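**Student:** Provided below for reference: sequence and predicted model.
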Amino acid sequence: MKKTFLFALLVALSASLFSQGIIFEENHNLKDALAKAKTENKLIFIDAYASWCGPCKLMAKEIFPQKEVGDYYNAHFVNLKLDMEAPENLETAKKYDVKAYPTYLYLNPDGEVVHRALGSMPAEDFIKVAKTADDGENNAMAIMKKIKNGDRSLTTIKKYLELNPYDTTNSSLINEYFKSLSENEIYTQENWDLFNRYVNDINLDSYQYFLNNRDKIAGLVGKENVDNKILSTMVKACYQDSVKAENLRSIDPALFEKAKTSVQIDKAYSNFGKNKDDKTAWNNLMTLLTPYLNKENTKAQVLNNMAWMVYENYKKFNDKKALKNALNWSKKAIELAPDKDYVLDTYANILFALGKKKEAISAETKALELATKDNNSQSIESFKKTIEEFKK
């Protein structure tokens, strides 16, 4: 009987051992881990963390202990946890360019990075990253080699961009890709998405091709998308150098004026944010913002945010005119987003500030109905209190 019980206990302990999460090396020594990886013909996984890092703690508590995560990582990697801010690991952090936490490093036994990832993520994604790292044809090292060897296929380009979304050379890389295409191959939604996201240098051949064929491209993706791409390029240029940016005016004078005004407003808004008691800064912002929002079609979120900003600040400057303009912006926001409770809430508060009590109560009641429909408990309580205040 005792033997049977002992056997059952050993089986339970064994099952527990093999169903746990990631098993990390106990000595936290990279040199030893590299030697072990070479012996076992595995890669090394390093959880590069910092003791203060919240997402690091979340991964350690919620993701690393999961059975499916442990099953994959224990089978394919020698696993190591390194506090990259500990004195003994500072050189390692520098060598592998660890600047954010958590960073996940996947090394070959020679200590070379074959793949890396960043941030907290669900177990499914964390395993997916590991599988990519373990794929000698598709990990970061492999894709980089393909790029260096001149591979400009769409598949390789997309994988490279996914791994290096903020690389400053991406525009040039996409430019080379477009050069390899015939005209019939260029006009696809997939190619537009690449161009729209990554190519921003107007001097590149691909951007000039876009400008010269904008009407044809608009037939594929719509004129609004084409105009927005040109506008975003102009805005960026105006931020960098407003004098040099004037060279872009000839592309589309109307879009250029819109870009220039947008940048001026943004700078004025930023200046007011730093000087919220400065009447000159307020007046400058209102002078630029009012005609722009009264005339231009813009997003409901922008209209609502600017209307609320005026509502919060108009009293300091006794600017009822600005408040009346804000009411118009709020009306436009409701037309664009009639199902958003916070938009109606802004409108109600401005109405009340302008002495339109009955209309304000009606608008806030509609906001409450929307919040109730969406089961938004925080807004429900807030809107109820606002209605009570309006009724006093």
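**Tutor:** Thanks, I have it. Numbering: from 1, shown residues only.
**Student:** residues contacting the helix or strand containing A117, please?
**Tutor:** Secondary structure from DSSP states H and E places A117 in strand 113-118. Strand 113-118 has contacts (C-beta atoms under 8 Å, 6 or more residues apart in numbering) with 43, 96, 100, 102-108, 129, 132-133, 139-142. For the C-beta atoms, the positions are set from N, CA and C on the backbone; glycine is no exception.
**Student:** and if you look at stretch 279-292?
**Tutor:** By C-beta under 8 Å, 6+ apart, stretch 279-292 touches 261-262, 264-265, 268-269, 271-272, 275, 306, 310, 313, 316-317, 319, 322, 325.
**Student:** just the buried ones from those residues?
**Tutor:** 261-262, 264-265, 268-269, 272, 306, 310, 313, 319, 322, 325 (16 or more other C-beta atoms under 10 Å).
**Student:** list the buried residues of stretch 226-233.
**Tutor:** V226, D227, K229, I230, L231, T233.
**Student:** please name the residues that touch the fourth one.
**Tutor:** Looking back up the chat, that one is I230. L211, R214, I251, D252, L255.
**Student:** switch to 7 Å and redo it
**Tutor:** Residues in contact with I230 (C-beta atoms under 7 Å, 6 or more residues apart in numbering) are I251, D252, L255.
**Student:** so the last one makes contact with V235?
**Tutor:** No. The pair formed by L255 and V235 falls short of the contact definition of C-beta atoms under 7 Å, at 9.8 Å.
**Student:** in helices only, show me the buried ones among the contacts of stretch 279-292.
**Tutor:** T261, S262, Q264, I265, A268, Y269, F272, M306, V310, N313, A322, N325 (DSSP state H).
**Student:** out of the contacts of strand 113-118, list just those in helices.
**Tutor:** Using DSSP H, these in helices are V129, T132, A133, A140, M141, A142.
**Student:** okay, which residue is most central for this protein?
**Tutor:** Residue closest to the average C-alpha location in the chain (C-alpha atoms, centre = their mean): P165, at 11.0 Å.
**Student:** quick one, helices of the stretch 151-300 of the chain?
**Tutor:** Assigned by DSSP state H, counting those that start in this stretch, the stretch 151-300 of the chain shows helices spanning 154-163, 170-179, 183-186, 189-198, 205-212, 214-221, 223-240, 242-245, 253-274, 279-295, 300-317.
**Student:** make a markdown table out of those helices and add distance to A75 and mean pLDDT.
**Tutor:** Formatted as a markdown table, those follow (distance: least, C-beta to C-beta, whole Å; pLDDT from 0 to 100):
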| stretch | distance to A75 | mean pLDDT |
| --- | --- | --- |
| helix 154-163 | 24 | 91 |
| helix 170-179 | 35 | 91 |
| helix 183-186 | 42 | 90 |
| helix 189-198 | 36 | 94 |
| helix 205-212 | 44 | 95 |
| helix 214-221 | 45 | 95 |
| helix 223-240 | 46 | 95 |
| helix 242-245 | 55 | 90 |
| helix 253-274 | 52 | 95 |
| helix 279-295 | 59 | 95 |
| helix 300-317 | 47 | 96 |
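**Student:** for K331, find the nearest of those.
**Tutor:** Smallest distance to K331 across those (C-beta to C-beta): 8.9 Å, for helix 300-317.
**Student:** chain center to the closest one, what's the gap?
**Tutor:** 26 Å (C-alpha atoms, centre = their mean, to the nearest Å).
**Student:** that one packs against which elements?
**Tutor:** helix 279-295, helix 320-336, helix 341-353 (3 or more C-beta pairs under 7 Å, 6 or more residues apart in numbering; DSSP states H and E).
**Student:** 6 Å instead?
**Tutor:** In terms of contacts (3 or more C-beta pairs under 6 Å, 6 or more residues apart in numbering; DSSP states H and E), helix 300-317 is packed against helix 320-336, helix 341-353.
**Student:** check which residues of stretch 84-99 are buried.
**Tutor:** Those would be M84, E85, N89, T92, A93, Y96, V98, for stretch 84-99 by 16+ other C-beta under 10 Å.
**Student:** ok, the first one to I46 distance?
**Tutor:** Spatial separation of M84 from I46 under the definition C-beta to C-beta, to the nearest Å is 9 Å.
**Student:** ditto for the third one
**Tutor:** Computed with C-beta to C-beta, the distance linking N89 and I46 is 10 Å.
**Student:** need the overlap of contacts for those two.
**Tutor:** L82 (C-beta atoms under 6 Å, 6 or more residues apart in numbering).
**Student:** in three-state terms, label N79 for me.
**Tutor:** What DSSP: H, G, I helix; E, B strand; the rest coil gives for N79 is strand.
**Student:** before I go, just wanted to say thanks for your time.
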